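*Asks:* sequence first, then the predicted structure:
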Amino acid sequence: MTSNSASITYKEEAPTNYEPTRYQPNNDKKRMSSSSSPTSPPPLKMIARSKKAVELIQFPTTSSPETKRTILSPTSSSFHSLSADGSRALIHVPSVGVIVRDLDDEPDPAPPASDSPPVAFLLGTEKVQCGYWSPRGTYIVTWERPVKSTDGSAPPPNLKIWSGSDGTFLQGFNCKPFPKKLSSENQQQASYVQWSPLQWNTDEELLFHCVTNEIHVYPGTVTPSDFRYQYKIRVPNITMLSVSRTHLLCFTPELKGAPARISLHQHTPGHIANIASKSFFQTEECAIMWNPAGNACLALTQTTVDTTGESYYGSSNLFLVSTSGVTPVPLPNKDQSPLIQDVAWNPHPTKPSCFALISGKMPAMLSLHRGDTGQPSFLFGECHRNVISWSPHGRFVAFGGFGNLAGNVDIWDRNKLKICGSLKVGTAAVGWGWGADSRVFGISVTTPRMNVENGIRLFKYHGEKAWDDGGQYLPNQLLQSEFLPRKWGVFEDRPQSPERRASTPQRSFSGREEEKKSTGAYVPPAARRAAGRGNSLAERMRKEKEEKTAGAMRVNSKNSGGIPGNSRKVPGASGPPEKSKSARARERQKAAKQRALEEEKRMALLKEEQERKAKQEKEAEAKANVDPEKRAKKIRKSLKQIADLKSRERSELNVDQLNKIAMEDELVKELESLGL
């Protein structure tokens with residue numbers, strides 16, 4: 001499981017110029033043992049990119065209490081990408097190209113000198129803008145800006161596939177659009193792979209290439225020659241596809257009045273079957289998140305403008321897409337606001353699937369939902385949080401308030417449904433993520449988002465600080481940090497330590513931590529604010545913003561009416577308070593305005609119906625004056641076109657083509673009435 005932290009791309013030209021040479025991995029180098037003893041796991045590692053170098057950090061263990069650092073590149077880099085198992089990393093150095101480093105090697109006690117440049121693994125990749133590994137690390141995909149040919153010939157390919165073992169160029173395609181997710185703050189590998197037009201399924205059995213209005217399906221094994229697609233899928237106006245092990249999801253945005261559409265397909269060698277689809281309006285983008293099994297996904301549709309005017313950030317909708325259909329996910333926030341802060345699946349591959357959701361305005365509602373129906377099963381409460389981060393084993397889930405929030409984090413035990421601990425970061429964190437052992441949560445402050453207080457800090461799952469970089473990247477030297485992922489089973493899924501359960505902060509039903517009464521010396525009111533115990537309005541509002549949470553509760557059929565946003569009449573309870581005279585007047589004005597709008601719509605529809613009837617009468621008169629032979633010829637031509645449309649799959653047809661097929665019976669009757 002990959003634990004990616006957010007990152008910011010920073011491009012800086014290297015000061016030296018030289019001819020790149022092919023990098024050859026040192027196969028004679030001693031491989032590091034997967035464990036120092038039969039029972040101890042491998043050490044936890046992180047890759048850190050700064051303006052000066054790219055280094056691999058190996059954190060202390062019981063057998064090795066010192067932090068080890070290995071220089072992977074002594075010069076600045078523009079981006080990096082890790083393989084799915086965390087064994088290799090590709091790093092782009094603008095003046096050299098793409099280099100590849102083996103991260104399982106023993107740390108080099110004598111790192112290369114700063115004046116010795118790295119050597120290129122992929123030749124001619126100095127202008128590459130992004131790159132990623134295939135799911136099993138067999139291939140590398142790179143993208144660079146397209147270049148126009150000067151002699152009028154076909155432009156050279158800018159989307160390229162390389163061999164991950166020796167760096168040989170295999171195939172190239174032309175791709176103009178830049179992967180959109182690279183421009184966002186959370187530049188995770190999974191994000192821009194999803195928006196790439198070139199994707200493998202999880203087993204690398206098939207390769208999908210998204211082109212204009214079509215998806216070309218190639219064999220998963222890429223060869224330098226005689227590489228052709230086996231078959232193609234017709235999807236008009238497709239802009240994005242996402243592939244899992246056995247399924248494929250396509251997204252088509254709104255275009256010329258036609259609604260946006262998502263469709264789920266099941267792919268097997270030589271066959272693609274359409275399983276479920278849904279059309280909707282007010283959608284500009286769609287983000288896809290697959291569950292660990294790859295047979296269902298969450299589709300988060302978004303638009304930049306909220307037509308209701310309730311949200312400055314636009315509107316969003318969340319759908320659960322599975323073999324049983326497309327189901328809207330209920331949002332249990334008290335205002336029923338369509339604003340979705342974050343959503344993420346539990347990554348555990350064998351347990352029943354579930355996902356966490358943060359929805360609504362601040363303070364937002366934190367909830368846990370079933371993966372088969374999308375219904376809420378547990379409410380964590382309301383709090384100022386906007387980020388969800390699951391541990392790789394799915395036992396712990398962290399809810400963070402990053403970006404423009406204070407940076408506080410709550411960590412919950414998914415199995416116990418109890419809080420483990422809380423972190424008060426106190427700074428604007430940019431990157432976050434779990435270590436591969438699911439015991440350590442890392443937070444980083446990176447540039448250019450933050451040009452002060454750059455650094456990395458690690459915390460244990462119960463909130464205790466575990467490690468920091470000692471100010472190495474101050475003030476603005478850190479570009480990105482990311483934990484190395486590991487294969488499932490390398491680290492054991494460990495529960496909370498018994499000695500830590502007693503020290504876990506207990507919370508009352510209201511969600512607040514139980515505070516012990518202070519028995520210290522008396523502090524006068526004038527000095528309480530300096531001591532952090534002020535009673536002013538600003539102090540009370542600040543405390544309410546950071547600490548007020550709604551109580552956690554399970555959700556079932558008996559208490560579903562108690563979910564915020566769901567109304568339920570309680571027998572014997574008093575009704576709502578009587579409204580004021582001005583409020584009743586405003587309601588009457590609003591109702592009158594609504595009736596006027598409805599009447600205006602009714603008159604517009606009546607006028608439209610009259611115009612339609614007049615147009616039909618004119619068409620009938622025109623048909624009466626048309627030569628029967630010419631009309632019969634035109635009808636036969638239309639029937640031939642309808643027969644061609646009926647031979648195609650119904651899922652490939654647009655609205656106009658379906659309407660044309662529906663007119664077949666009417667055309668046949670008209671042809672019979674002509675008597676020719």
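*Replies:* Sure, I can see it. Numbering: from 1, shown residues only.

*Asks:* and the helix or strand where residue 288 lies, how far out from the chain's middle?
*Replies:* With the criterion set as DSSP states H and E, the secondary-structure element containing residue 288 is strand 285-290. Between the centre of strand 285-290 and the centre of its host chain there is 6 Å, according to CA atoms, centre = their mean, to the nearest Å.

*Asks:* not counting the helix or strand following it itself, show me its contacts.
*Replies:* Per DSSP H and E, the first helix or strand lying C-terminal to strand 285-290 is strand 297-303. Residues outside strand 297-303 that contact it (CB atoms under 8 Å, 6 or more residues apart in numbering) are 242, 244, 247, 249, 251, 260, 262, 264, 280, 282-291, 314-322, 326, 329, 340, 343, 345, 355. Glycine gets a C-beta too; all of them are placed from N, C-alpha and C.

*Asks:* buried only: go through the residues you listed for me.
*Replies:* Burial by neighbour count, judged by 16 or more other CB atoms under 10 Å, picks out 242, 244, 247, 249, 251, 260, 262, 264, 280, 282-283, 285-291, 314-322, 326, 329, 340, 343, 345, 355 from the contacts of strand 297-303.

*Asks:* thinking again about what came up before, in strands only, show me the contacts of strand 297-303.
*Replies:* By the criterion of DSSP state E, membership of those in strands covers 242, 247, 249, 251, 260, 262, 264, 280, 285-290, 315-322, 326, 340, 343, 345, 355.

*Asks:* isn't there a helix covering residue 95?
*Replies:* No. Looking at residue 95 with DSSP: H, G, I helix; E, B strand; the rest coil, it is coil, so not inside a helix.

*Asks:* secondary structure element for residue 601?
*Replies:* Here residue 601 is assigned to helix 581-624, by DSSP H and E.

*Asks:* next SSE after that helix?
*Replies:* If you walk from helix 581-624 toward the C-terminus, the next helix or strand you reach (DSSP H and E) is helix 628-646.

*Asks:* show me which positions of the helix or strand following that next one end up buried.
*Replies:* Scanning forward in sequence from helix 628-646, with DSSP H and E defining helices and strands, the next element found is helix 655-662. Residues 657, 660 are the ones in helix 655-662 that count as buried (16+ other CB under 10 Å).

*Asks:* next structured bit after helix 655-662?
*Replies:* Per DSSP H and E, the first helix or strand lying C-terminal to helix 655-662 is helix 664-674.

*Asks:* next, the angle helix 628-646 makes with that next one.
*Replies:* Taking axes from the mean of the first three to the mean of the last three CA atoms, to 10 degrees, one finds that helix 664-674 is oriented at 160 degrees with respect to helix 628-646.

*Asks:* now do helix 664-674: which elements does it pack against?
*Replies:* Other helices and strands packing on helix 664-674, by 3 or more CB pairs under 8 Å, 6 or more residues apart in numbering; DSSP states H and E, are helix 628-646.

*Asks:* what's the helix it packs on packed up against?
*Replies:* Using 3+ CB pairs under 8 Å, 6+ apart: helix 628-646 touches helix 655-662, helix 664-674.

*Asks:* helix 581-624 and the last one, what's the angle between them?
*Replies:* Right, helix 664-674. Relative orientation of helix 664-674 with respect to helix 581-624: 30 degrees, computed using the same axes, to 10 degrees.

*Asks:* repeat that for the shortest one.
*Replies:* Using the same axes, to 10 degrees, one finds that helix 655-662 and helix 581-624 are set 50 degrees apart in direction.

*Asks:* ok, now which ones touch residue 394?
*Replies:* Here residue 394 is in contact with 346, 347, 348, 351, 414 (CB under 8 Å, 6+ apart).

*Asks:* after the worst-scoring helix or strand of the chain on mean pLDDT comes which helix or strand?
*Replies:* Least confident element among the helices and strands of the chain, by mean pLDDT, DSSP states H and E: helix 189-194 (a mean of 43). Toward the C-terminal end, the helix or strand that comes next after helix 189-194 (DSSP H and E) is strand 198-200.

*Asks:* neighbouring contacts of that following strand?
*Replies:* Looking at strand 198-200 with CB under 8 Å, 6+ apart, the contacting residues turn out to be 134-135, 139, 141, 159, 161, 173, 175, 193, 206-210, 220, 241-243.

*Asks:* weed out the non-buried ones from those.
*Replies:* Burial by neighbour count, judged by 16+ other CB under 10 Å, picks out 134-135, 139, 141, 159, 161, 173, 175, 193, 206-210, 220, 241-243 from the contacts of strand 198-200.

*Asks:* next, count neighbours for residue 599.
*Replies:* 10 (other CB atoms under 10 Å).

*Asks:* same thing with the one 5 residues further on?
*Replies:* Around residue 604 there are 10 other residues, counting by other CB under 10 Å.

*Asks:* any idea how far it is from residue 390?
*Replies:* Computed with CB to CB, to the nearest Å, the distance linking residue 604 and residue 390 is 51 Å.

*Asks:* same check, this time on residue 284
*Replies:* For residue 284, the distance to residue 390 equals 28 Å [CB to CB].

*Asks:* what about the stretch 351-500 of the chain, any weak spots by pLDDT?
*Replies:* Applying pLDDT under 70 to the stretch 351-500 of the chain flags residues 499-500.

*Asks:* could I get the full set of helices for it?
*Replies:* Secondary structure of the stretch 351-500 of the chain (DSSP state H, counting those that start in this stretch): helices at 498-501.

*Asks:* who does residue 376 bridge with?
*Replies:* The partner list for residue 376 in beta bridges (DSSP bridges) reads residue 369.

*Asks:* ok, it - how many residues close by?
*Replies:* Burial of residue 376 is recorded as 20 neighbouring residues (other CB under 10 Å).

*Asks:* give me every residue that touches it.
*Replies:* The contact partners of residue 376, by CB under 8 Å, 6+ apart, come to 330, 332, 357, 367, 368, 369, 370, 555, 563.

*Asks:* mind doing that once more with 7 Å?
*Replies:* Remark: with contacts taken as CB atoms under 7 Å, 6 or more residues apart in numbering, residue 376 is in contact with 330, 332, 367, 368, 369, 555, 563.

*Asks:* ok, the third one touching residue 355?
*Replies:* Read it as residue 367. No. Residue 367 sits out of contact with residue 355 when judged by CB atoms under 7 Å, with a separation of 9.5 Å.

*Asks:* remind me which residues of the stretch 551-676 of the chain are low pLDDT?
*Replies:* 551-552, 556-578, 623-625, 676.

*Asks:* at 50 instead, please
*Replies:* Within the stretch 551-676 of the chain, the set of residues satisfying pLDDT under 50 comprises 561-562, 565-575.

*Asks:* check the stretch 51-200 of the chain too.
*Replies:* In the prediction, the stretch 51-200 of the chain carries residues with pLDDT under 50 at positions 109-111, 181-193.

*Asks:* still on that earlier bit, any of the contacts of residue 394 buried? List them.
*Replies:* Judged by neighbour count, with 16+ other CB under 10 Å as the criterion, the buried members of the contacts of residue 394 are 346, 347, 348, 414.

*Asks:* can you report phi and psi for the third one?
*Replies:* Listed backbone geometry of residue 348 is phi -70, psi 130, with angles given as degrees, to the nearest 10.

*Asks:* do the same with the first one
*Replies:* The main-chain torsion angles of residue 346 are listed as degrees, to the nearest 10 and equal phi -70, psi 120.

*Asks:* re earlier: roughly how far is the helix holding residue 601 from the heart of the chain?
*Replies:* Its chain's C-alpha centre and that of helix 581-624 lie 43 Å apart, by CA atoms, centre = their mean.

*Asks:* stretch 471-480 too?
*Replies:* Relative to the chain's own centre, stretch 471-480 is displaced by 27 Å; criterion: CA atoms, centre = their mean.

*Asks:* and it, what's buried?
*Replies:* Result for stretch 471-480 [16+ other CB under 10 Å]: buried residues 473, 476, 477, 478, 479, 480.

*Asks:* residues making contact with it?
*Replies:* 7-8, 10, 48-52, 431, 444, 446-447, 451-452, 454-455.
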